[in-house]
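**Student:** attaching a predicted model along with its sequence, questions to come.
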Amino acid sequence: MKQYIIRRLLQMIPTMIGITILVFAITALVPGDYITSQQNPNMTAEKAQQLKEIYGLDKDPVQRYFIWVGNMLTGNMGDSLQHKRPVTDVIGDYVWNSFLIAFFSMMFSWIIAIVAGVFSAKFQYSLFDKLMTLFVFLCMSLPSFFIGLVLIKFMAVDWGLFPVGGMTTAGQAGSTWNYIVDVADHMFLPVLVLTMLSTGSLTRYFRTSMLEVIRQDYIRTARAKGLKERTVIFKHALRNAMLPAITLMGFELPALFSGAIILEKIFVWPGVGQVYLESITMRDYPFMLGFTIFLAALTLIGTLISDVLYGVADPRIRLK
């Protein structure tokens with residue numbers, strides 16, 4: 001196992017190098033830069049050239065790439081042109097807000113998907129299965145912005161149950177508990193939308209996996225031995241049906257920190273997804289590049305973790 005992990009970590013080095021080249025090349029091919037995106041009619045050509053020299057935008061792409069990579073090797077992702085602060089500081093300020101709603105939505109969606117998938121497979125073609133299938137396809141077919149706007153219209157504007165947007169109530173002072181309650185009140189709607197979107201596909205996944213497992217010979221053998229149905233389903237069938245889900249968990253790590261760009265914009269949630277979208281509009285290349293590499297590294301780490309956990313969970317798999 002140790003040799004496998006070390007070998008996989010070494011294989012990540014050329015992969016990350018390829019990712020940096022590809023990402024930087026794409027941004028270099030995009031027309032315009034931070035200076036031209038300002039669209040300031042009072043800016044002269046001389047002033048624009050001076051600003052490009054200050055920000056290092058006057059150098060050729062190859063030179064800028066090696067400067068950028070060299071700084072990253074020292075832990076310096078550069079300074080955000082839009083926020084006038086280090087990229088790592090900007091990411092640290094906003095990424096945990098996105099992590100908050102992503103974590104709770106992932107937790108709720110996995111719990112709901114496992115329970116719904118198990119019972120849909122257990123009672124296949126029943127009324128519960130048909131209603132669950134209808135709900136799943138409904139959640140998968142509706143776009144996130146539509147669900148978000150509908151919930152805002154009824155649950156926030158008409159009924160006044162939750163705030164329209166934001167993360168906290170402006171000007172509200174109180175204890176730490178009041179702050180937690182206020183944040184939870186604001187995050188309910190975005191978490192609800194993300195949970196609905198994630199639960200649909202996960203439920204179908206667990207249902208299909210459970211249907212394959214409960215038809216296996218060892219499940220029939222367990223029932224023939226007189227074991228309770230609850231033990232057969234939740235101890236034997238579910239345990240083996242969860243094995244393929246380990247692969248999905250590897251992709252959840254970058255999803256926790258990437259932010260829901262559209263939902264954060266709709267609910268005015270101060271997450272990193274909204275900042276990333278603004279950086280694209282403003283051609284804030286240091287932040288775009290730094291955050292993209294951050295997500296790429298999380299993806300590689302998440303894939304490694306899922307592969308290792310898969311080998312641990314299933315002894316039949318040997319990691320070489």
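**Tutor:** Great, that's in hand. Numbering: from 1, shown residues only.
**Student:** quick check: mean pLDDT across the one helix or strand residue 294 maps to?
**Tutor:** Take DSSP states H and E as the rule and residue 294 turns out to sit in helix 285-313. Helix 285-313 carries an average pLDDT of 86.
**Student:** now stretch 197-215
**Tutor:** According to the model, stretch 197-215 has a mean pLDDT of 86.
**Student:** what's the answer for stretch 1-15, then?
**Tutor:** When pLDDT is averaged over stretch 1-15, the result is 85.
**Student:** stretch 212-231: which residues count as buried?
**Tutor:** Of the residues in stretch 212-231, 213, 214, 219, 222 count as buried by neighbour count, 16 or more other Cβ atoms under 10 Å. For the C-beta atoms, the positions are set from N, CA and C on the backbone; glycine is no exception.
**Student:** among the residues you listed, which are in helices?
**Tutor:** Taking DSSP state H as the definition of helices, these contribute 213, 219, 222.
**Student:** list the residues that contact the last one.
**Tutor:** This points to residue 222. For residue 222, the contact set (Cβ atoms under 8 Å, 6 or more residues apart in numbering) comprises 231, 232, 236.
**Student:** does the first one count as helix, strand or coil?
**Tutor:** Reduced to three states with DSSP: H, G, I helix; E, B strand; the rest coil, the structure at residue 231 is helix.
**Student:** the residue nearest to it when sequence neighbours are not counted and residue 242, how far apart?
**Tutor:** In this structure, residue 231 finds its nearest non-sequential neighbour in residue 222, 7.7 Å apart by Cβ to Cβ, 6 or more residues apart in numbering. Here residue 222 is placed at a distance of 17 Å from residue 242 (Cβ to Cβ, to the nearest Å).
**Student:** which secondary element of this structure has the worst mean pLDDT?
**Tutor:** When the helices and strands of the chain are scored by mean pLDDT, DSSP states H and E, helix 34-37 comes last with a mean of 72.
**Student:** for the residue nearest to the spatial centre of the chain, which non-adjacent residue is closest in space?
**Tutor:** In the chain, the C-alpha nearest the mean C-alpha coordinate belongs to residue 255, at 1.6 Å (Cα atoms, centre = their mean). Closest residue to residue 255 apart from its sequence neighbours, by Cβ to Cβ, 6+ apart: residue 102 at 6.3 Å.
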